[in-house]
Each structure stands twice: as C-alpha cells, then as structure tokens.
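[1] Quick one, what's the 3D model for this:
(one chain, ligands or ions: 2)
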Amino acid sequence: MNQFKENLFDDPNKSNTGVMAVKGSLDTRHGPILYMEDVSVSFDGFKALNKLSLYIDDGELRCLIGPNGAGKTTLMDVITGKTRPDTGSVFFGQTINLLEMDEPAIAQAGICRKFQKPSVFDALTVFENLELALKADKGAWHTLFFRLTGEQRDRIDEVLATIGLTEATQYRAGILSHGQKQWLEIGMLLMQEPKVMLVDEPIAGMTHQEIERTAELLLSLQGKHSIVVVEHDMEFVRSIARKVTVLHEGSVLTEGTMDEVQNDPRVIQVYLGG
Ligand SMILES: Nc1ncnc2c1ncn2[C@@H]1O[C@H](COP(=O)(O)OP(=O)(O)OP(=O)(O)O)[C@@H](O)[C@H]1O
Ligand SMILES: [Mg+2]
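    Ligands and ions are numbered 1, 2, ... in the order given. Predicted structure coming up:
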C-alpha cells in the first residue's frame, strides 16, 4: 500500500538532478537491479540476441563471457538504449522500463558505460577531467564559472583515491599510461555516482601490473555499484569473478562460478568449436 511512499524516499540523490524522464524511482527490494526478459535483437534476420533473459543483482559484480559474436556488446547496447530490441522487456529495478527511455535519459537515471577506447580529454589535467564529468552530470555545462563546493572537491578526492591517481592529480591526461587513462575514465563515470556500470573489455592493451590493478579497482566498486564486465581474458575473469554468465548465439548458455562454467561440457564445446 505504501509502496509509492517508500519509493519516493528510495533514492534521495535523484531528487535534485532533474531526472525528468524516469517514471517512478529505482526499486531493488526484490534483489535485481536489471531485468532482461526474452530479449531478441535481429540485424537483417540474424539474431544477435535470441530470447535472452538476464538478471543482475543490486551491487553485484557480474562477468559476461562468450565467443566472438555471442551478443555481449549488443546486450550492453540494449541496456543503454543504443539498440532497441524487437521483443522482450528490459527493466531497471522493478518499475523503470528502459525501453521507454532514450540513451541520455538512461544514462541520467544511473546506468553508465565504459567503452573500450578511453575518451578522456588529453589537454586537461586529471583533476579537470573529473571536474568536467561532475559538471556534465549536473547539467552545468553552461556555467562558465562553475565553482566546486567543498563536498564536490571531497568527492573528486575520493574518486582519485579509488582509481589510484591521487599522485597524478595535476598531470595532463595526455601523459598518462594507457592503463591510467582507463582508470581515469572509470573515475569520470564514478563522478556521476552510477548505479550500474557496464564495462566492455577493460584490460585490452594493459600491462600485467595494470591488469592486476584494474581487477582490484573493479572488486573495490562492487557493493556500491552493480557492475557488468565483458572480458575475453579468462585469467582476469577468474581473478574478479563471482558469478559468470556465458553467452552463446545470443542466449545465456549457463551461469555459475568460474569453476562451474569452465567445467561445463557445453561451455567447453562452444569455446573449442566443433
Ligand atoms: N549493427 C549491427 N549490424 C549488423 N550486425 C551486427 C550489428 N551489431 C552486431 N552485429 C552482429 O551481431 C552479432 C553479435 O555481435 P556482438 O558485437 O554483440 O558480439 P560480442 O559478443 O560483443 O562479440 P566480441 O566478443 O567479438 O566483441 C555478431 O554476429 C555481429 O556481427
Ligand atoms: Mg563485443
């Protein structure tokens, strides 16, 4: 009966960020933060997603694996509103229908995506990149003399520590290593305090040390954010995996721990071909 009232107080952050397009508030009391049910996407008759159902719990770190062309990136495209499914439903929490929202509204509602190629601003410092991400979130692009509040400065410092770039605050992003740029971009997403982060192939091109640091970073984010990581590097997946979902030909083949999926004959078959 008082569900609506509870929903109202679910997420105080949203009240001052002008989320006009979201109908209802995020409701994760039943566990999942993302629901995809019976989702199909076809490109010229080819089913990139085929009656796919996937549930991501609030705060979990989920790894998504599967051979090339399995539909992993398409799945992220559907969640973020870039691709519209032919059939199926996609909900954010219990009540927010993502299929009724466009890409900016979905991002504004708290679902963000890290693309493979870092898109930080090379000419700006690390700090300025984070500051810019904050302004973009607050819709303050037009405010030329935007001043940070103490709270916002603290938030930037907190994110700098999380991504391990405290020492590099005043460096121009252009001189950062590839790995550091990737972390900075994750930091820019974190400035927007996303509920869900979708991360597609985060460690491509990283050194061994950077890969280890990225694993630590993603592990440190779980609980506070729900994270879906797509990655081909199985050693990396093993190092962060809790629950692993295996995609094949646009559907979920199986889910479980890394050991469970790696010993599943169907998974072995799919990876070895035949
Ligand atoms: N815009 C598009 N037009 C036509 N076909 C597409 C389009 N996007 C994806 N596909 C096809 O859909 C299938 C799934 O692609 P997707 O990129 O989701 O796979 P993936 O699991 O991310 O693969 P990879 O591991 O190689 O990144 C592939 O066969 C791909 O060629
Ligand atoms: Mg892909």
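[2] Every contact and neighbour count from this point should use C-alpha atoms.
    Fine.
[3] Report the mean confidence score over the helix or strand harbouring residue 215.
    Using DSSP states H and E, residue 215 falls within helix 208-221. The pLDDT scores in helix 208-221 average 97.
[4] How about stretch 118-131?
    Mean predicted confidence for stretch 118-131 is 92.
[5] can you give me the end-to-end distance of it?
    Here the two ends of stretch 118-131 are set 17 Å apart, with distance taken as C-alpha to C-alpha, to the nearest Å.
[6] got the contact list for stretch 231-248?
    With contact meaning C-alpha atoms under 8 Å, 6 or more residues apart in numbering, stretch 231-248 is reached by 61-67, 70-72, 200-203, 211-212, 215-216, 218-219, 252-258, 261, 267, 270.
[7] Can that stretch be said to contact ligand 1?
    No - Stretch 231-248 is not in contact with ligand 1 by C-alpha under 6 Å from any ligand atom; minimum separation 7.1 Å.
[8] for that stretch, which positions count as buried?
    Judged by neighbour count using 16 or more other C-alpha atoms under 10 Å, the buried positions of stretch 231-248 are 231-232, 237, 240-241, 243-248.
[9] one step back: only whichever of the contacts of stretch 231-248 are buried, select them in PyMOL.
    Of the contacts of stretch 231-248, the buried ones can be selected in PyMOL as follows, counting by 16+ other C-alpha under 10 Å:
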select buried, resi 61+62+63+64+65+66+67+70+71+72+200+201+202+203+211+215+218+219+252+253+255+258+261+267+270
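[10] and the host helix or strand of residue 154 with helix 208-221, angle?
    If you go by DSSP H and E, residue 154 is part of helix 150-162. Interaxial angle, helix 150-162 versus helix 208-221 (axes from the mean of the first three to the mean of the last three C-alpha atoms, to 10 degrees): 130 degrees.
[11] C-terminal to helix 150-162, what's the next element?
    Next element after helix 150-162 (DSSP H and E): helix 178-191.
[12] Quick check: buried residues in that next one?
    Going by 16+ other C-alpha under 10 Å, helix 178-191 has these buried residues: 178-191.
[13] Now flag whichever of the residues you listed is closest to ligand 1.
    Using C-alpha to the nearest ligand atom, residue 182 is the member of the buried residues of helix 178-191 that lies nearest ligand 1, at 18.1 Å.
[14] That closest one contacts residue 118, correct?
    Yes - the criterion here is C-alpha atoms under 8 Å, and residue 182 meets it with residue 118 at 5.5 Å.
[15] Reduced to three states, what does residue 81 come out as?
    Under DSSP: H, G, I helix; E, B strand; the rest coil, residue 81 falls in the coil class.
[16] Now it, what are its backbone angles?
    Main-chain dihedrals, residue 81, degrees, to the nearest 10: phi 90, psi 10.
[17] Near it, how many other residues are there?
    Residues lying near residue 81 (other C-alpha atoms under 10 Å) number 20.
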